[in-house]
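Novice: Predicted model, plus sequence, below.
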Amino acid sequence: MRFILAALLLSLTIFTEIQAQSAQAKYGNDFLSTGGGARALGMGSAHASVANDVTAAYWNVAGLAAIESPQAIYMHSERFSGIVGYDYGAFAYPLNDRNSVISLSFFRQGVDNIANTLNAWDRDRNLPRENAEAYITRFSAADMALFLSYATQKTDKLSLGLSAKVIHQRLGPFAQAWGYSLDLGVLYRTSVADIGISIRDLTTMQKMWNVNESEFGDYEAQFDSLGATLPTGQNEYVLPSLKIGASRSFDLNDFEVIAATDVDLLFENRQAYYINLGRMSVEPHVGAEVTYRDIISFRTGLTDFITDPVSGFTVSPTLGLGLHLSRFKLDYGFASFAGTSSDLGFTHRISLRFDI
């Protein structure tokens, strides 16, 4: 309890200082919404009370406490018809003498090989330069995050966890930002259901931007007729969010069935989801998994409950498959094949976990 109270007091102190110096960023950490592991995608991202392996560092850090041997995982995902690549890797190590687990997780979302044509335009002729290709360079726009996590089993029913996370966002040579915050997780198991609570950006995410003006060259002069001005870096803050989940498992002869539901509470005034209460957006997730003899798993779920001005209310179903062989676990997730989200292309995720 003292651990939680100290984190809350720290959150209030930092949040007060940040508000006075920064602007609120809507969707400021949305690149992390992809999460970790293909299993969660197949279950509609209803995972706050389900995750009990190395991926729990993202979904609910308290779930790490269930790990009994070292684990490593890697996942690759592509979105928007392959334009955006997403990579995730993590390692977890149990401290058996302390009944606790530590882990390190890395996330990268990026668009690579973007053409920089700022120097390929001849301002005097108002035409492309001769041999314009020679003046075109390439860069990447990438969002990265590093999680250092710790979880402990307090009692047979209660687990607690904390993640310190650092993010780095980079727009080629033009601008970059660093940010930091804490995530807190609680997992409580009862005879009726498992309850998971994850408070993300508990201390409010502080993002500090820096713009390299020299990389823009004579940008303002070239596009003066359009009223162009150089961008300036402004510090931002990302408000805390809450993920609450409940799940229950059933054994039916050789089959294990898990039913789960989550709700994400966001306070950025997004007004994009089906349920909005003032500045709070409510994003539900529903998922299920059927596993045969701990070898093969089938998954399905519902996510992206969205109200669209054109289509009205839509929801995106998900599907997944898992294969467990010896110390390897291969998972596949598929989403965005229906609803408004499908307009942006299919989402495929493949992850491979290894139990050391």
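Specialist: All right, it came through fine.

Novice: remind me which residues of the stretch 201-350 of the chain are low pLDDT?
Specialist: Applying pLDDT under 70 to the stretch 201-350 of the chain picks out residues 215-233, 273, 337-345.

Novice: In which helix or strand does Arg39 reside?
Specialist: helix 38-42 (DSSP states H and E).

Novice: Who are the packing partners of that helix?
Specialist: strand 280-292, strand 296-308, strand 312-325, strand 328-335, strand 347-355 (3 or more CB pairs under 8 Å, 6 or more residues apart in numbering; DSSP states H and E). No exception for glycine: its C-beta is placed from N, CA and C like everyone else's.

Novice: what's that helix in contact with?
Specialist: 35, 46-47, 50-51, 55, 59, 75, 77, 287, 289, 297, 299-301, 318-322, 331-335, 347, 349-351 (CB atoms under 8 Å, 6 or more residues apart in numbering).

Novice: Show me what counts as buried in that helix.
Specialist: Ala38, Arg39, Ala40, Leu41, Gly42 (16 or more other CB atoms under 10 Å).

Novice: which is the next helix or strand following it?
Specialist: Heading C-terminal from helix 38-42 (DSSP H and E), you reach helix 56-59.

Novice: what element comes up after that next one heading to the C-terminus?
Specialist: Trace forward from helix 56-59 with DSSP H and E and the next one is strand 71-79.

Novice: list the buried ones in the next helix-or-strand element following that following strand?
Specialist: Note on strand 71-79: by DSSP H and E, the next helix or strand toward the C-terminus is strand 84-95. Judged by neighbour count (16+ other CB under 10 Å), strand 84-95 contains these buried residues: Val84, Gly85, Tyr86, Tyr88, Gly89, Ala90, Phe91, Ala92, Tyr93, Pro94.

Novice: The fifth one: what's it in contact with?
Specialist: Right, the one you point to is Gly89. Contacts of Gly89 by CB under 8 Å, 6+ apart are Ala72, Ile73, Tyr74, Met75, Ser105, Phe106.

Novice: Show me which of those are buried.
Specialist: Buried members of the contacts of Gly89, scored by 16+ other CB under 10 Å, are Ala72, Ile73, Tyr74, Met75, Ser105.

Novice: For the stretch 1-150 of the chain, give me the ranges with low pLDDT.
Specialist: In the stretch 1-150 of the chain, residues with pLDDT under 70: 1-22, 80-81, 97, 123-126.

Novice: mind running it again at 50?
Specialist: Regions of the stretch 1-150 of the chain meeting the criterion pLDDT under 50 cover residues 1-20.

Novice: For the residue nearest to the spatial centre of the chain, which three-state class applies?
Specialist: Closest to where the C-alpha atoms of the chain average out (CA atoms, centre = their mean) is Leu32, at 2.1 Å. Secondary structure state of Leu32, per DSSP: H, G, I helix; E, B strand; the rest coil, is helix.

Novice: Is it correct that it is in contact with Phe106?
Specialist: No: judged on CB atoms under 8 Å, Leu32 makes no contact with Phe106 at a distance of 11.7 Å.

Novice: got any residues that touch both of these two?
Specialist: Joint contacts of Leu32 and Phe106 (CB under 8 Å, 6+ apart) are Ala145.

Novice: nearest to Glu68, of the buried residues of helix 38-42?
Specialist: If you rank the buried residues of helix 38-42 by distance to Glu68 using CB to CB, Arg39 comes first, at 18.2 Å.

Novice: tell me which residues of the host helix or strand of Ser159 are tucked away?
Specialist: Secondary structure from DSSP H and E places Ser159 in strand 158-171. Within strand 158-171, the residues scored as buried using 16+ other CB under 10 Å are Ser159, Leu160, Gly161, Leu162, Ser163, Lys165, Ile167, Gln169, Arg170, Leu171.

Novice: repeat for stretch 196-210
Specialist: So for stretch 196-210, counting by 16+ other CB under 10 Å, buried means 196-207, 209.

Novice: Which members of those residues are the farthest-apart pair?
Specialist: Gly196 and Trp209 (33.3 Å).

Novice: In space, what's closest to Ile199 - neighbours in sequence excluded?
Specialist: Leaving aside its sequence neighbours, Ile199 sits nearest to Leu184 (CB to CB, 6 or more residues apart in numbering; 4.5 Å).

Novice: Which parts of the stretch 151-300 of the chain are helices?
Specialist: Taking DSSP state H, counting those that start in this stretch as the test, the helices found in the stretch 151-300 of the chain are 219-222.

Novice: Is it correct that Arg299 is in contact with Gly320?
Specialist: Yes: look at Arg299 against Gly320 with CB under 8 Å: they come within range, at 3.5 Å.

Novice: shared neighbours of the two, anything?
Specialist: Common neighbours of Arg299 and Gly320 (CB under 8 Å, 6+ apart) are Arg39, Gly42, Met43, Glu289, Gly333.

Novice: could I get the helices and strands packed on helix 38-42 as a markdown table with mean neighbour count and distance to Ala246?
Specialist: Output for the helices and strands packed on helix 38-42, formatted as a markdown table (neighbours: other CB atoms under 10 Å; distance: least, CB to CB, whole Å):
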| stretch | mean neighbour count | distance to Ala246 |
| --- | --- | --- |
| strand 280-292 | 19 | 11 |
| strand 296-308 | 19 | 14 |
| strand 312-325 | 17 | 19 |
| strand 328-335 | 20 | 21 |
| strand 347-355 | 19 | 24 |
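
Novice: Asp262 is nearest to which of those?
Specialist: strand 280-292 (4.2 Å).

Novice: packing partners for that closest one?
Specialist: Strand 280-292 packs on helix 38-42, strand 255-266, strand 275-277, strand 296-308, strand 312-325, going by 3+ CB pairs under 8 Å, 6+ apart.
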